[in-house]
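Structure here, sequence nowhere to be found:
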């Protein structure tokens, strides 16, 4: 777990922060060849071990998405070492706020995450909301520009 803690300490992604909270502070701080692929995962060498953390596709794990949760896989030296199941929790008042907003505005969600929460978000945001998952930063910017060109304000 110290290798996982060390790797996640170098990422600001919410899933990395959740895993880091669970595994604790890293004892090891030296990581070689760290890289992070937005929306996929991160990897690096920790004490001569190649560690990958992220989606099943990124780590080479055989896994399926779990509704209502995110699955963060861990691969060490090419072997699937396990996964963390992160349940989604929304801040108090979010469903009520979204319900109020949809009465006056068209809602769009632009997320880099997997669509595992689509059902819950659809319930909160309403049937007319646009939900877009697995979006890279440039996808989000392009979508905002498109909406602005149509005269919509977000």
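In hand now; what should we look at? No experiment lies behind these values; they were computed from the predicted model shown.

And residue 70, which helix or strand is it part of?
Residue 70 is part of strand 69-76, with elements assigned from DSSP states H and E.

Show me what the helix or strand hosting residue 96 packs onto, helices and strands only.
Following DSSP H and E, one finds residue 96 within helix 94-102. Helices and strands touching helix 94-102, by 3 or more Cβ pairs under 8 Å, 6 or more residues apart in numbering; DSSP states H and E, are helix 118-125. C-beta coordinates here come from the backbone N, C-alpha and C atoms, glycine included.

who touches the helix it packs on?
The contact list for helix 118-125, computed with Cβ atoms under 8 Å, 6 or more residues apart in numbering, reads 67-68, 88, 90, 94-95, 98-99, 102, 107, 109, 129, 131, 133.

and if we set it to 10 Å?
Outside helix 118-125, the residues that touch it by Cβ atoms under 10 Å, 6 or more residues apart in numbering are 65, 67-68, 88, 90, 94-99, 101-102, 107-109, 111, 115, 117, 129, 131, 133.

Next, residue 79: phi, psi?
The phi and psi values for residue 79, taken as degrees, to the nearest 10, are phi -110, psi 130.

Can you verify residue 127 is assigned to a strand?
No - counting by DSSP: H, G, I helix; E, B strand; the rest coil, residue 127 is located in no strand; its state is coil.

Near it, how many other residues are there?
A count of neighbours around residue 127, defined by other Cβ atoms under 10 Å, yields 7.

thinking again about what came up before, who are the neighbours of the helix or strand that the helix holding residue 96 is followed by, in terms of helices and strands?
Next in sequence after helix 94-102, counting helices and strands by DSSP H and E, comes strand 108-110. Secondary-structure packing of strand 108-110 (3 or more Cβ pairs under 10 Å, 6 or more residues apart in numbering; DSSP states H and E): helix 118-125, strand 130-132, helix 137-149.

Can you say which of the ones you listed is nearest to residue 22?
Residue 22 lies closest to helix 118-125 among the helices and strands packed on strand 108-110, at 22.2 Å (Cβ to Cβ).

what's the average pLDDT for the closest one?
In this model, helix 118-125 has an average pLDDT of 91.

Leaving out sequence neighbours, find the closest residue to the residue nearest the centre of the chain.
A centroid search over the chain (Cα atoms, centre = their mean) returns residue 113, at 4.1 Å, as the residue closest to the centre. Of all residues not flanking residue 113 in the chain, residue 133 sits nearest, at 6.1 Å (Cβ to Cβ, 6 or more residues apart in numbering).
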